[in-house]
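Enquirer: Make a model of this:
(chains A, B, C and D)
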There are 2 protein chains.
Amino acid sequence: MKSRPTLKDIAAELNVSHPTVSRALADHDSISDEMKAKVREAARRLGYVANSSARMLRRGHTDVIGLLLPDLTNEFYGAVATRVADDCSHQGRQMVLSISAGDPDRELALVRALLESRPSGLIVALSPQARAETIELLRGTSCVQFLVVHPRLGGPSVTVEDSGGARQAIEHLVKLGHRRIGFVGPSPTLHIGEARLRGVQQALKQQALKLDDRLVQLGPSTAEFGHASVSALLDLPQPPTALYLSTAQLSHGGLRAIAERRLQAPRDLSVVVAGNAPWYEFWPGGGLTSITLPMAELADAASALVMRKSARRGAAAGAAVQLAFDLFVRGSTGPAKKSGR
Amino acid sequence: MKSRPTLKDIAAELNVSHPTVSRALADHDSISDEMKAKVREAARRLGYVANSSARMLRRGHTDVIGLLLPDLTNEFYGAVATRVADDCSHQGRQMVLSISAGDPDRELALVRALLESRPSGLIVALSPQARAETIELLRGTSCVQFLVVHPRLGGPSVTVEDSGGARQAIEHLVKLGHRRIGFVGPSPTLHIGEARLRGVQQALKQQALKLDDRLVQLGPSTAEFGHASVSALLDLPQPPTALYLSTAQLSHGGLRAIAERRLQAPRDLSVVVAGNAPWYEFWPGGGLTSITLPMAELADAASALVMRKSARRGAAAGAAVQLAFDLFVRGSTGPAKKSGR
DNA sequence: ATGAAAGCGCTAACAA
DNA sequence: TTGTTAGCGCTTTCAT
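Expert: This is a model prediction of the structure:
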């Protein structure tokens, strides 16, 4: 099995020099139409495909966009990757995707590997515990930080206003008359957890309510913890009349706990979940009310920044795009019953 | 902003030749430990990152695995991409991911772009209407066909036994006593549609039942068509007592139609859906019974083939792995009521 | 144990 | 309009 033909092979075939072939394929003005036609025909006939490594080496830069995400099974990151892939495709660029699985060491290895391909731009959703060396490597590259911003790494970023989602959820529930509202969120040692807890507190304070510690469950953002904490809340002597589950994983676990008890929203309790999968819309009972990241907008913002950044160096170097959460009111939230449940 | 240092920069720093630096970093036997230590220190200090293009050009091959999928928002492909990314990560390889969105022209452009990076292996889920030129380009590469096999392209493949899933679904429902079973599937002009319809027919024949044309809806595999066709089936004078929705998209649309009518499975009708998202497990009523692709196994099989193939050329060139669908029995299917519904 | 030199495939500057 | 030459950064002989 012989490897792909090179420019020289085409050149030999046509008895011309290889730079002529290169220019013909690049559609240079200085090449006659007749020659261009001959070259293109020969290229197709021989199955010529350019070698991007050689091109990169000569040009000094690539058309590669690197994307580093913690996960892909999650509908949010899937949508982001799809969107970035679309944008790359339209711009004729390549997307190199790496999945860190939230492991800082793997993340470091992947960043290193990504940089070996000398990408023209990078979109990275770093883990909160990113290694110092990772940050060091990223410094001086065209890198857009996505969702989480590392304090020691500058440059453009695309984030969400973290406390805003929680505020919207609580305000929605209070407006429906709920007073005993359960909150399940990620550990407040994480930035995201701290912000969401703060959002809940702010919203309650504004409504002249105070946070009941017994209705708050904080822990790892896993389906298991969501299941355990919602179970605990529902088994209280005075269970909450409404729940806000503040991450997608926690929401999934929580929904399972609710289903196990054969409870139905909003008949038995109101539920606000996080995320926005297609099935949220047709969950029995009129869909799930949800607080969600504006996925498409976030992905487009990151794409736009990385492509602009990689085009004109230094332009908009400090751009920090911050978007707000969306609240989709659906069937799983309803007016509070007078007597609790 | 200056670009990354090269081997020569490190060499100059240490007053040695650049091949010495190259060998030191590659941990060659012929380099003294003392020199290796000095080189590694300087490399870290200067922030050296190898240039994979230059390496590729010299070596003649890369460690890139190309992956071409139609979609990522779908939980199935998300899981596949995650799995392949894991495998690449473990083998120290790079994954280049392209999303064709089912568009044959975009697919052709993406395959060409992928080949420009001279991947050591390719995993491609081609669209059924793949362009002849796409196939031509792929010929002679280390390419594993995934899920759909193009007749004019040889080489290894990983597929599922398409009619088997339908057969399992129908057998399960018949065993529960159902006789009027609705079937919603992709158009039989597609291979996948033809196979599933055939699976349904075989299973019914085996049970000495025959297919009632009025209970069959065939069309595009979209949520919209799923919604429309399940609506039509439920509005029949004699609606089916059970449904088999044979793709994930059709399932989602169908579930919406069921929810709109405030029907509940399995009380009002039994439902077998396709796919296997996490939420299938805690869908109210005990989860959704589903027919699903063995995602992890499929992805691992493809990874294994592509890595083996790209390691030893020609080995297992014709390997054709075929796996079976899984049936997960959950709460959405139950015994048929005597009088229909 | 290290250095010198060549060359992978391509493009851009300069010649003709 | 086309050909000649050089060099991107790296690895791999071959020489020392």
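
Enquirer: Relative to the whole chain's centre, how far out is the helix-or-strand element of chain A with minimal mean pLDDT?
Expert: One helix or strand of chain A scores below all others by mean pLDDT, DSSP states H and E: helix A:295-311, with a mean of 86. Centroid separation for helix A:295-311 versus its chain: 12 Å, with Cα atoms, centre = their mean, to the nearest Å.

Enquirer: ok, now stretch A:172-180?
Expert: So, by Cα atoms, centre = their mean, the centroid of stretch A:172-180 is 31 Å from its chain's centroid.

Enquirer: Report the backbone C-alpha coordinates of it in PDB.
Expert: What follows is stretch A:172-180 as a C-alpha-only set of coordinates in PDB (Å, rounded to 0.1, in the frame of the first residue of the first chain):
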ATOM      1  CA  HIS A 172     -40.300  31.900  40.300                       C
ATOM      2  CA  LEU A 173     -41.100  29.600  43.200                       C
ATOM      3  CA  VAL A 174     -41.800  32.300  45.700                       C
ATOM      4  CA  LYS A 175     -44.100  34.000  43.200                       C
ATOM      5  CA  LEU A 176     -46.100  30.800  43.100                       C
ATOM      6  CA  GLY A 177     -46.600  31.000  46.800                       C
ATOM      7  CA  HIS A 178     -44.000  28.500  48.000                       C
ATOM      8  CA  ARG A 179     -42.300  29.200  51.300                       C
ATOM      9  CA  ARG A 180     -40.600  25.900  52.200                       C
END
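
Enquirer: For the helix or strand hosting A:Leu137, enumerate the helices and strands it packs against.
Expert: Counting by DSSP states H and E, the element that carries A:Leu137 is helix A:132-138. For helix A:132-138, the packing partners by 3 or more Cβ pairs under 8 Å, 6 or more residues apart in numbering or on different chains; DSSP states H and E come out as helix A:104-116. Heads up, the C-betas are built off the backbone N, CA and C, glycines and all.

Enquirer: ok, back up a step: can you confirm whether the least confident helix or strand of chain A lies near chain B?
Expert: No. Using Cβ under 8 Å from any Cβ of the partner chain, helix A:295-311 never reaches chain B; the gap is at least 9.7 Å.

Enquirer: Going by neighbour count, list what's buried in whichever helix or strand comes after that helix.
Expert: Counting by DSSP H and E, the next helix or strand C-terminal to helix A:295-311 is strand A:320-323. If you call a residue buried by 16 or more other Cβ atoms under 10 Å in any protein chain shown, then strand A:320-323 has these buried ones: A:Val321.

Enquirer: Neighbouring strands of strand A:320-323 in the sheet, and parallel or not?
Expert: Its sheet considered, strand A:320-323 pairs with strand A:157-160 (parallel) by DSSP bridges.

Enquirer: List the contacts of the partner strand.
Expert: A:144-149, A:293-294, A:298, A:301-302, A:305, A:319-325 (Cβ atoms under 8 Å, 6 or more residues apart in numbering or on different chains).

Enquirer: can you do 7 Å?
Expert: For strand A:157-160, the surrounding residues in contact (Cβ atoms under 7 Å, 6 or more residues apart in numbering or on different chains) are A:144-147, A:149, A:293, A:298, A:301-302, A:305, A:320-325.

Enquirer: With just CA atoms, put that strand into PDB.
Expert: The C-alpha coordinates for strand A:157-160 follow below in PDB (Å, rounded to 0.1, in the frame of the first residue of the first chain):
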ATOM      1  CA  SER A 157     -13.500  34.300  28.500                       C
ATOM      2  CA  VAL A 158     -17.100  33.300  28.100                       C
ATOM      3  CA  THR A 159     -19.000  32.700  31.300                       C
ATOM      4  CA  VAL A 160     -22.400  32.800  32.900                       C
END
